[in-house]
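Peer 1: Quick one, what's the 3D model for this:
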Amino acid sequence: MGTSGKDGYLIAYNVACCAGWAMVLSLAVQTLINNGLSFDSLASIYDAPSLSKTLTYVQTAALLEIVHAAIGFVRSPVFITTLQVGSRIAALLAVTQSSQAAHQFGAGMMIISWAAVEVPRYAFYIAALITGDATKKTPFPLFWLRYSLFAVLYPTGIVGELTVFLGASKDDAFLNMFGENKAYLMYYFIMSFPVIYAPGALPMIFNMAANRKKAFKKRFAKPAPPAMGLVWPIDKKGGRSSTPVAKEILAAAIRAVSPEKAEKVLTERNWRFGYVKHFVGMVEEQMKSPENALKVAEAGLAKAHEIFQFIDGDTTTSFKDAMASKSTKPYYTGFIKGEAPKTKNVLEVPYKGQNLSGQALKDQVDKWVSYGTIEESAGSAIKNCVDRPGYLDLSDRYFVLLGAGSAMGPFLVLMALGANVIAVDLDRPNIWKRLITIAKNSSGTITFALKAEQSTIKSDNDLYASSGCNLFTDTPRIRDWVANLYPGKDLTVGCYAYLNGALHVQVSLAMDAICKDLSEKRKASLAYLCTPTDLHVITEEAHKASANEYKTFSSKPYCMFMRLLSKRFLRKNAMKPLAGVGGDFYVVNGLSVAQGPNYALAKRMQHWRAVVARSKGSIVSSNIAPATSTVSVVQNRTFAWAYEGMPYFKPYEISAPETSNAVMSAILFSDLNDSENASNPKVKLNNPNELFKYGSFNGGAWRCAYQVDSIGEASVLIYFGRVAKPYVAGIAVIGTAVGLKLAGYV
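Peer 2: Model (predicted):
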């Protein structure tokens, strides 16, 4: 297999860096061998022949890694890479310009730690580029060193760097390198790094430990079982890559209205980081007319159903053909009726340690609306449920929950209100133990798929083991099973299953096939939770509010500083309106590159089905949920740190899962009952995509000054700034005391 020009360049770069660091390590170790292991010997390492020059060249070359991340050559975050390389460059400046910093034990410890980490790291990258697989095909010794040495060498390197910064801060030669009148600036510059290191060192080490755990788990993961059920089609290389298929689907959708833009999708070379503009282009075309919006949605869904494959034993067909056939293996049906008495029809929203209801809940809703955290239509929907308790009488309503155990799904709320839930989730005993236990302790009912007659199952544990089904492998079977349940009853089908990466597209397509058939054959209403990190039509009021926030925040020193660092940071949220049939449409681009094109496609397919089903007469509740601190999100430390800092950017608020569940359920109930809501297909919209304009509990993403994808790094810095406050205050107190002492006041 040939090597691309990019890979050839990266191999050459990594070889050069590996060789340079190997020379630094060799010279440093030789010094220790010659002089013996001691503090004095460590302090003399910088003076080893040729070491300082080689160190300067090879560490300065690391600046290219920022460029590599920025232009998409590697998948490293630009901001984090800039911080890591920048701190190294600062330490390098200190040792090259300060004899006091260079000739103490910490400098030698720092140099050895750097070199001992970098040699195997660059060697690992070389092997990964050559083999094409960083996880399983790199030599295990390199793999082990890459993900293990940090445990020792990060702490020693950090200690060494701190001693270098402190040494330079006391060296007049360093402080006066730009003139005596700039000495105080150099002092604050070099001492800013210990302040940053204080709160940042441990999280960095813990993050590497988490990365090590993930890498080893992937390395020794069992081989994937043979492909079954709904799968990505085989590509030209014999694999099942998501990129060419995702491009085909989006191109097909856009081709229905703009062949030129469709061709640009297919020829996009950097899909992972370049997909956003193509989704923006698609929405631009959709907003030109209602016909365009539906043509795009229908063409995209049709292509997805045609291009994906379904494997049943030895038979492989298109997913479309698989769903056109009837299943020959029906499920048994399990049923549990809750034992709790029926509760009052009262909406309760857990919020910051309280359960809000009645007037207290309405007051909080008004605060959210006034602050800009939610849209007025969402607030009205929630208050509707307070004022109209009949909306909460779910005793004769049937909800099909695809992904019933999802953290963002309404299962808990529905059970508490006595609803009838048809639960679809994986056949894993722990999932069903939780769902069935909750159902038993509620006033509702739960219906679920079983592998055997319920009457033959002897124990609860056997019941949990026999429950559940797989949306990937059993899609037609699940569709047929649900379609035959409770004839004559109105169904509401909710899509709540979520998986990472390419699996998210698969599960979204599986749910879409079920939604399509149930909405058409059972006239089922559909329910979706949209993400704020997507492209949405918004109200003119939200647009104006965002523009006003931009004026306010643009003059804040911190925001000005972040904008100076990079144009990628803090990009204006208020976009130019799109002209179309029915007037101008205001749009927000919340797509997050970090979430990737598969996430965007999975959510977009839900948008497409929502507008198509509504156009055919189905009630469709499809509302934007807020950024929520679910376990699956905050286990990513970067997201967790960003969530802590995001409320700085008014009117952001990160919701707890229980709050999101309650408010989004309330908006769903309003959509199902209020004939004036946009969910009702009889309500006229200027464009089908305006469906997503109403009922939005977006957490402030629409009215924020900046695009959500541009505030992550700034939010992380805000979080660490707060963590560092005690350290900064302590340093300030000590500095003041030292200053007073030197001045003779104490």
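
Peer 1: quick one: what helix or strand has the nearest residue to Pro341 once chain neighbours are set aside in it?
Peer 2: Nearest residue to Pro341, sequence neighbours excluded (CB to CB, 6 or more residues apart in numbering): Ser443, at 6.2 Å. In this view, the C-beta of every residue, glycine as well, is placed from N, C-alpha and C. Using DSSP states H and E, Ser443 sits within no helix or strand.

Peer 1: can you check the one 5 residues further on too?
Peer 2: Element membership of Phe448 [criterion: DSSP H and E] is strand 445-450.

Peer 1: could you give the mean pLDDT of the helix or strand hosting Asn461?
Peer 2: Following DSSP H and E, one finds Asn461 within helix 460-466. In this model, helix 460-466 has a mean pLDDT of 97.

Peer 1: Show me what the next helix-or-strand element following that helix is packed up against.
Peer 2: Per DSSP H and E, the first helix or strand lying C-terminal to helix 460-466 is helix 475-483. With contacts taken as 3 or more CB pairs under 8 Å, 6 or more residues apart in numbering; DSSP states H and E, helix 475-483 sits against helix 319-324, strand 420-424, helix 502-521.

Peer 1: Check which residues of helix 475-483 are buried.
Peer 2: 475-482 (16 or more other CB atoms under 10 Å).

Peer 1: And stretch 187-194, by the same measure?
Peer 2: Buried, per 16+ other CB under 10 Å, within stretch 187-194: 189-190, 193-194.

Peer 1: can you check stretch 488-508 too?
Peer 2: For stretch 488-508, the neighbour count (16+ other CB under 10 Å) marks 491-499, 502-508 as buried.

Peer 1: Over to stretch 160-174?
Peer 2: Going by 16+ other CB under 10 Å, stretch 160-174 has these buried residues: 160-169, 171, 174.

Peer 1: Show me which of those residues is closest to Lys261.
Peer 2: Glu161 (49.4 Å; CB to CB).

Peer 1: now the nearest residue to the closest one once chain neighbours are set aside, what's its secondary structure?
Peer 2: Nearest residue to Glu161, sequence neighbours excluded (CB to CB, 6+ apart): Ala91, at 4.8 Å. Following DSSP: H, G, I helix; E, B strand; the rest coil, the label given to Ala91 is helix.

Peer 1: burial of Ala91, as a residue count?
Peer 2: Residue neighbour count, defined by other CB atoms under 10 Å, stands at 27 for Ala91.

Peer 1: Was I right to think it contacts Leu166?
Peer 2: No. In this structure Ala91 lies outside contact range of Leu166 using CB atoms under 8 Å: 11.3 Å.

Peer 1: one step back: ok, which of the helices and strands packed on helix 475-483 comes nearest Pro203?
Peer 2: helix 502-521 (27.6 Å).

Peer 1: Mean confidence (pLDDT) on that closest one, please.
Peer 2: 97.

Peer 1: Output that helix as PDB, nothing but the C-alphas.
Peer 2: What follows is helix 502-521, C-alpha atoms only, in PDB (Å, rounded to 0.1, in the frame of the first residue of the first chain):
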ATOM      1  CA  ALA A 502     -20.200   5.500  13.600                       C
ATOM      2  CA  LEU A 503     -22.500   3.300  15.800                       C
ATOM      3  CA  HIS A 504     -24.600   6.500  16.400                       C
ATOM      4  CA  VAL A 505     -25.400   6.600  12.700                       C
ATOM      5  CA  GLN A 506     -26.400   3.000  12.700                       C
ATOM      6  CA  VAL A 507     -28.700   3.200  15.700                       C
ATOM      7  CA  SER A 508     -30.200   6.400  14.300                       C
ATOM      8  CA  LEU A 509     -31.000   4.700  11.000                       C
ATOM      9  CA  ALA A 510     -32.400   1.700  12.800                       C
ATOM     10  CA  MET A 511     -34.700   3.900  14.800                       C
ATOM     11  CA  ASP A 512     -35.600   5.800  11.700                       C
ATOM     12  CA  ALA A 513     -36.800   2.700   9.900                       C
ATOM     13  CA  ILE A 514     -39.100   1.900  12.800                       C
ATOM     14  CA  CYS A 515     -40.400   5.500  13.100                       C
ATOM     15  CA  LYS A 516     -41.100   5.600   9.300                       C
ATOM     16  CA  ASP A 517     -43.200   2.500   9.300                       C
ATOM     17  CA  LEU A 518     -45.100   3.200  12.600                       C
ATOM     18  CA  SER A 519     -45.800   6.800  11.600                       C
ATOM     19  CA  GLU A 520     -47.200   5.700   8.300                       C
ATOM     20  CA  LYS A 521     -49.000   2.400   9.300                       C
END
